[in-house]
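Asker: Provide a 3D model corresponding to the input given below.
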Amino acid sequence: MKLKPTRVVTHNMAYRLQCDSCDLESEYTDWADANGDASDHEAEYADHWVSIVDLQEA
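Answerer: Now for the predicted structure:
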C-alpha cells in the first residue's frame with residue numbers, strides 16, 4: 001500500500017469579508033470558514049453581495 005505524503009502549510013493566510021450593503025467586515029485565517037460565512041450572509045440577506053478579499057501581499 002502506497003501512502004500519499006502529507007502536505008504541511010507553513011504560512012498564514014488572511015482573508016477579509018466585505019459586504020456591499022452593510023457593515024459586515026470580518027477577518028479569517030481559513031478560506032473555507034470565510035467562504036461559509038459569506039454564503040450564510042448572502043443566504044440570509046438575498047440582496048447583499050459579500051467579497052472575500054485576500055490580504056496577502058503579492
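Asker: Residue 32 belongs to a helix?
Answerer: Yes. Applying DSSP: H, G, I helix; E, B strand; the rest coil, one finds residue 32 inside a helix.
Asker: Could you tell me how many residues sit around it?
Answerer: 8 (other Cβ atoms under 10 Å). C-beta here means a position set from N, CA and C on the backbone, and glycine is covered the same way.
Asker: which stretch of helix or strand covers residue 27?
Answerer: strand 25-28 (DSSP states H and E).
Asker: Mind checking the pLDDT average for that strand?
Answerer: Mean pLDDT, strand 25-28: 92.
Asker: Now do the buried residues in it.
Answerer: For strand 25-28, burial by neighbour count (16 or more other Cβ atoms under 10 Å) applies to residue 28.
Asker: starting at the chain centroid, how far to that strand?
Answerer: 8 Å (Cα atoms, centre = their mean, to the nearest Å).
Asker: Give me the residues contacting that strand.
Answerer: 14, 15, 16, 17, 18, 19, 34, 37, 55 (Cβ atoms under 8 Å, 6 or more residues apart in numbering).
Asker: what sits against the third one?
Answerer: Translated: residue 16. 25, 26, 27, 28, 52, 53, 55.
Asker: repeat for the fifth one
Answerer: When contacts are counted by Cβ under 8 Å, 6+ apart, residue 18 touches 24, 25, 50, 51, 53.
Asker: can you give me the helices for this structure?
Answerer: 31-44 (DSSP state H).
Asker: where in it is pLDDT low?
Answerer: 1-12, 57-58 (pLDDT under 70).
Asker: Skip the chain neighbours and tell me the closest residue to the residue positioned nearest the centre of it.
Answerer: Centrality entry for the chain: nearest residue to the mean C-alpha point is residue 34, 2.7 Å, by Cα atoms, centre = their mean. In this structure, residue 34 finds its nearest non-sequential neighbour in residue 28, 4.0 Å apart by Cβ to Cβ, 6 or more residues apart in numbering.
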